[in-house]
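Chemist: Provide a 3D model corresponding to the input given below.
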Amino acid sequence: QLQASGGGLVQPGGSLRLSCAHSGSGLDYYTIGWFRQAPGKQREGVACISIDDGTTRYADSLKGRFTVSRDNVKNTVYLQANGLKPDDTAVYYCAAGVPLGLRLEYYTYWGQGTQVTVSS
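Modeler: A predicted model of the protein is given here:
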């Protein structure tokens, strides 16, 4: 149901746009969230968006550099990442769930992840 894409190798200070294709809001989810997991670290929330009204939430530490948006015609959610740093290197996952927020337990469906590597 979820397909994340758009990862790759980027230099510090660069940008990437990740995409999450989903099947469309249904009866059992209305939020799409982005999470990331670096080697040896716990999975952490990055940003999420309500598919219905576009309300967003961000991790405080990432606010200002990451922007989440949606295109309901294409059933796709985007994560624009700017000013990337080596610490942003991780596998980025999108997930679908209820309610709006960045707690892992809110999400039922998970995509396969896309690797983002920030390095010179």
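Chemist: Any stretches of the protein with poor pLDDT?
Modeler: Counting by pLDDT under 70, the chain contains low-confidence residues at 25-27.
Chemist: Next, the most centrally placed residue in it: phi, psi?
Modeler: The centroid of the chain falls nearest to Trp34 when counting by C-alpha atoms, centre = their mean (2.3 Å). For Trp34, the backbone dihedrals (degrees, to the nearest 10) come out as phi -110, psi 130.
Chemist: That one and Tyr93 touch, don't they?
Modeler: Yes - taking C-beta atoms under 8 Å as the contact criterion, Trp34 and Tyr93 are neighbours in contact, 7.2 Å apart. Every residue, glycine included, has its C-beta placed from N, CA and C.
Chemist: State the distance from Asp28 to Gly54.
Modeler: Asp28 sits 20 Å away from Gly54, taking C-beta to C-beta, to the nearest Å as the criterion.
Chemist: scratch that, Val10 is what I was asking about
Modeler: Summarising the geometry, the distance separating Val10 from Gly54, computed by C-beta to C-beta, is 27 Å.
Chemist: ditto for Ser15
Modeler: As for Ser15, its distance to Gly54 is 22 Å (criterion: C-beta to C-beta).
Chemist: Run a quick neighbour tally on the residue lying closest to Ala21 once chain neighbours are set aside.
Modeler: Distances taken as C-beta to C-beta, 6 or more residues apart in numbering place Gln3 nearest to Ala21, at 4.5 Å, with adjacent residues excluded. For Gln3, the count of nearby residues is 14 (other C-beta atoms under 10 Å).
Chemist: before we move on, what about Ala38?
Modeler: The local packing count at Ala38 equals 14, with neighbours defined by other C-beta under 10 Å.
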